[in-house]
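1. compute the structure for the input listed below.
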Amino acid sequence: MTSFQDVVYSNRKNHENIHEIIIEHHQQIEGWFRNQWLKYPAPFYSSIDIRNSGFKISPVDTNLFPAGFNNLNKDFESLYITAVKHSLDSLKTRIDRILIIPEDHTRNFHYQESLSYLTSLIKKAGYEVKVSKPSINDNKFKNTNSLLEYDGFIPDAILLNNDLSSGIPSFLDNVKQVILPSKNIGWTSRLKSEHFNYYSNVCGNFSKLLGFDSWLIEPEFRNCGEIDFKTKKGEECLIYNAEKLFKIISEKYLKYNINERPYIIIKADSGTYGMGVITIDNISQIRNLNRKQRNKMLSSKGKIIPNRVILQEGVYSFEEIKNTNSVAEPVIYSFSNYLIGGFYRAHENKANNENLNSPGMIFHPIPLNDICISPDMSTPVDSQINRYYVYGVIARLAILSAAKELFNLE
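-> The predicted structure is shown next:
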């Protein structure tokens, strides 16, 4: 198991170091979060992909149907179980029996490990749990008088570990039981660009509170309407928005004396698992996408061809695993607004401006435990405890953004 000390971090500072600002204002930040959770209850669980370049740190993806629980540090299992209990207790309705509806990854061993560990955590928290078969077309589902049952099991709550990329199954219509999270937040209707609109709003309020430029914690982005990478339909929209985005990023780099090359990530506006993602650092690369790149943008989970994309500012990762030169990025997990830990996703064959969520990635568990609650002012800004705290703040900003998404659905 890789320890935190095995992760090398190059803190490329500018005159307005966001890490220092967050640490210095931690009491104000914690009070602000407490008030926010009262207004906007967090989704049941989530995982947040974060990129840290020193001069900028921000989430690049927020997953509300997380897998990867098997990559967490098992030494902190009691913390995870307590977070599950708190999250279910906060619903203020009696829950004893939980039905988990999983993804269709019948051949994905790693997903099955994640599902098994998630199930065990909920059972150890004191709940009776049943997991449906992977296919949501299973005829064991029955909706009788708005009460969903599965193979004779009638749950008090339904936990979706299926992101509904293929659509919302009819048996979830008009269900009385609690569905976690809302079926309407799945990739059937949710867009990453919409989530980052919420995140931009949250960051605007947060940065005003502390008096800094919100760009330091949020990726700029733009999105296009329908696009077809096979026929090149919508390509001009891509080029137009990429030009605008490069201009914004270049101006910020100039302002903060950042000696790096701006780049953009183009990815499907909905969906998960790192599919349909390409990196560009100049406009000509869009016009000259080769067949392999176009085919990559046509691939997605569930064999649904993406017809919308988000252009997102690329955030460098200046973290790597010692002695391997593997680029690393933290992924933070939560139950409700309780941060439980996470892991470093690392890849030895990827550059620090590339997508690490791809075949060949490896995972190094990291604990958050109680060190995410408060920084240590007596240690350096980039010390272990302080860096975890900064991760925790960024992750909670993303969770709060998702909470606002959910709030506006109800």
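2. where does the stretch 301-410 of the chain dip in pLDDT?
-> The stretch 301-410 of the chain contains residues with pLDDT under 70 at 301-306, 369-371.
3. can you work out which other helices and strands pack against the helix or strand Leu400 falls within?
-> In this structure, Leu400 is located in helix 384-409 according to DSSP states H and E. Counting contacts by 3 or more CB pairs under 8 Å, 6 or more residues apart in numbering; DSSP states H and E, helix 384-409 packs against helix 18-24, helix 26-39, strand 45-52, strand 57-63, helix 192-210, strand 326-335, strand 338-347. For glycine as for every other residue, the C-beta is placed from the backbone atoms N, C-alpha and C.
4. give the buried residues for the helix or strand just after the fourth one.
-> What it means is strand 57-63. Following the chain from strand 57-63 toward its C-terminal end, the next helix or strand by DSSP H and E is helix 77-89. By neighbour count with 16 or more other CB atoms under 10 Å, helix 77-89 contains the buried residues Glu77, Leu79, Tyr80, Ile81, Ala83, Val84, Lys85, Ser87, Leu88.
5. now swap in stretch 64-77 and tell me
-> Across stretch 64-77, burial judged by 16+ other CB under 10 Å covers Leu64, Phe65, Pro66, Ala67, Gly68, Phe69, Asn70, Asn71, Leu72, Asn73, Phe76, Glu77.
6. so for the host helix or strand of Lys142, what gets flagged as buried?
-> When secondary structure is defined by DSSP H and E, Lys142 falls within strand 141-144. For strand 141-144, the buried set under the neighbour-count rule, 16+ other CB under 10 Å, comprises Phe141, Asn143.
7. mean confidence for that strand?
-> Per-residue pLDDT over strand 141-144 has a mean of 92.
8. residue numbering should commence at 6 henceforth.
-> Happy to do that; since the first residue is 6 now, the last one works out to strand 146-149.
9. direction included, what does it pair against?
-> The strands that strand 146-149 pairs with in its sheet are strand 152-155 (antiparallel) (by DSSP bridges).
10. can you give me the buried ones in the partner strand?
-> Along strand 152-155, these residues count as buried under the neighbour rule (16+ other CB under 10 Å): Leu153, Glu154, Tyr155.
11. I'd like the mean pLDDT over it, please.
-> So the average pLDDT for strand 152-155 ends up being 96.
12. could you pull out the strands for the stretch 106-255 of the chain?
-> Secondary structure of the stretch 106-255 of the chain, counting by DSSP state E, counting those that start in this stretch: strands at 133-136, 146-149, 152-155, 162-165, 183-185, 226-228.
13. for Ile263, find the nearest of these.
-> strand 226-228 (18.4 Å; CB to CB).
14. which elements pack onto that closest one?
-> Contacting strand 226-228 under the criterion 3+ CB pairs under 8 Å, 6+ apart are the following elements: helix 197-215, helix 240-260, strand 314-318.
15. would you mind putting the ones you listed into TSV with mean neighbour count and distance to Val282 alongside?
-> Shown next, in TSV, are these (neighbours: other CB atoms under 10 Å; distance: least, CB to CB, whole Å):
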stretch	mean neighbour count	distance to Val282
helix 197-215	18	11
helix 240-260	16	14
strand 314-318	24	10
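16. and Gly276, which of the ones you listed is closest to it?
-> When the helices and strands packed on strand 226-228 are compared by CB to CB, helix 197-215 sits nearest Gly276, at 8.5 Å.
17. how near is the residue nearest the centre of the chain to Asn413?
-> Computing the C-alpha centroid of the chain and ranking residues by CA atoms, centre = their mean puts Thr67 first, at 2.3 Å. Using CB to CB, to the nearest Å, one obtains 15 Å as the distance from Thr67 to Asn413.
18. same question for Tyr122.
-> Applying CB to CB to Tyr122 and Asn413 gives a distance of 32 Å.
19. the more surrounded of these two?
-> Neighbours per residue, other CB atoms under 10 Å: of Tyr122 and Asn413, the larger number sits with Tyr122, 17 against 10.
20. what residues does the more buried one make contact with?
-> Contacts were defined as CB atoms under 8 Å, 6 or more residues apart in numbering; by that measure Tyr122 touches Phe74, Asn75, Leu77.
21. name the nearest of those relative to Pro335.
-> When those are compared for distance to Pro335 (CB to CB), Leu77 wins out at 12.6 Å.
22. ok, the closest one touching Tyr349?
-> No. Contact criterion CB atoms under 8 Å: Leu77 and Tyr349 do not qualify, at 11.9 Å.
23. what mean pLDDT does stretch 66-80 have?
-> 95.
24. my bad, stretch 276-292
-> Across stretch 276-292, pLDDT averages out at 79.
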